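In: Quick one, structure for this:
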Amino acid sequence: MKEIKAILDIYDQIDLSQRKLALATVVYVEGSAYRRPGARMLISDDGRWEGAISGGCLEGDALRKARQVILDGQSMVVRYDTMDDDANSLGIGLGCNGIIDVFIEPIDPTDETNPIALLRDFVQLRDQRVIATVYRSDPATRLSAGSRFVCTDNSVDAVPGWLLNDMEAVMDLGKPLTTTYLLEGGLVDMFIERIDTGIELVIFGAGYDTIPLTRLATEIGWQVTITEDCIAHLSPKRFPEATCVLYVDAQAVTQKISITDRTAAVLMSHNYKYDQAVLTNLLATIVPYVGVLGPRKRYEKMQNEWRNTGHHFSQQELDRVHSPIGLDLGAETPDEIALSILSEIKAFFSQRTGGFLKEKIGPIHERQLTPASETLV
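Out: Got it, this is the predicted structure:
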């Protein structure tokens, strides 16, 4: 999400009457690579770019290829094979041991369906969507490279039947798919990806230790809302990076904030009664993650008080609570604690355990969906 916004910001700064642009997108990875399918890089004809398709080793060559795409007005697919460390035919430093396909296409600012326009629509609507991109095709299919189909939770309009099942599978699982379809007119190579909004962090409490948590969360592209029932703590000058600063009573707070399946709530007011009231209300919502700062005994005390007052929560509801919050990093300072908290939240939404990568069996990154069988339509 942060990279998409950065690309859009640069796009808006460019004088499109003077400059021409291309977009490079990683559409396939085999083996290891620094960036995964869906990584993007916006390139202008004067050599400026935003985003990245690698750790820095492919950008120079992609820039040269993009200039050719802009000059010809025709897209291309470039394959970078880094499997053999000794065969450095590109003349650049490579060390990922993988195969990377990059789709480079010219951008027509007058086309309302160009990829930049689709990304802008996504950012404005903040929905979850799947985009299927044709990156190579036989002419008789009548599907040109750069053609796209969009599927959202609310709409599958104009998505052909032969493509819909795969787009829905990507929507459900979140893993990208690069595959080939055999249509009546020939072959069509497609890249299907789901793009998601960033994590929406809601922090209950505006103390000193909230400042580094807010700063670090916004740095990695998350939206941050800070709320408390003490207006004296909520000066916007203390939290210039925050998306929203909200003054509201603990009993009404869940009515004032938007909660989705990408929301993480963190309770760190250091006020026991406030945190207990907020947590009681949060457990009645769909929020998937709730973290509570403080010792385990503090949360156990809350559970005892719920039982004594007749509040009942199912085990499934209580399993959403993470207390004490954070990964075991040995964090001591507010900045280190912020790192620990955000690391756990990221691991939670990525469905990872947060352990050492050297102890992980198999590849670091999950591979894409198994390619669909060629389909004759």
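In: Could you check the pLDDT of the residue nearest to residue 37 when sequence neighbours are not counted?
Out: Setting aside the residues directly before and after it, residue 37 is nearest to residue 176 in space (C-beta to C-beta, 6 or more residues apart in numbering), at 4.4 Å. To be clear about C-beta, it is placed using only N, CA and C from the backbone, and glycine gets the same treatment. Residue 176 carries a pLDDT score of 92 in this model.
In: I'd guessed residue 176 sits against residue 190; true?
Out: No. Residue 176 lies out of contact with residue 190 (C-beta atoms under 8 Å); the separation is 10.7 Å.
In: Could you list every helix and strand in contact with the helix or strand of the chain with the lowest mean pLDDT?
Out: Using mean pLDDT, DSSP states H and E, helix 253-256 stands out as the lowest-scoring helix or strand of the chain, at a mean of 86. Contact here means 3 or more C-beta pairs under 8 Å, 6 or more residues apart in numbering; DSSP states H and E; on that basis helix 253-256 packs against helix 272-282.
In: From start to finish, how long is stretch 164-183 in a straight line?
Out: Between the opening and closing residues of stretch 164-183 we find a distance of 14 Å, counting by C-alpha to C-alpha, to the nearest Å.
In: Also stretch 63-82?
Out: Between the start and the finish of stretch 63-82 there is a gap of 18 Å, counting by C-alpha to C-alpha.
In: Just the buried positions in that stretch, please.
Out: Neighbour counts over stretch 63-82 (16 or more other C-beta atoms under 10 Å) mark 63, 65-67, 69-70, 75-78, 80-82 as buried.
In: does residue 216 belong to a helix or a strand, and which?
Out: Residue 216 is part of helix 210-219, with elements assigned from DSSP states H and E.
In: got it, and residue 111?
Out: When elements are assigned from DSSP H and E, residue 111 belongs to no helix and no strand.
In: burial of it, as a residue count?
Out: Here the number of neighbours of residue 111 (other C-beta atoms under 10 Å) works out to 11.
In: got a pLDDT number for the closest residue to it other than its chain neighbours?
Out: Nearest residue to residue 111 in three dimensions, chain neighbours excluded: residue 117, at 7.3 Å (C-beta to C-beta, 6+ apart). pLDDT, residue 117: 91.
In: and residue 117, what element?
Out: helix 115-125.
In: Residue 201 now?
Out: Counting by DSSP H and E, the element that carries residue 201 is strand 200-204.
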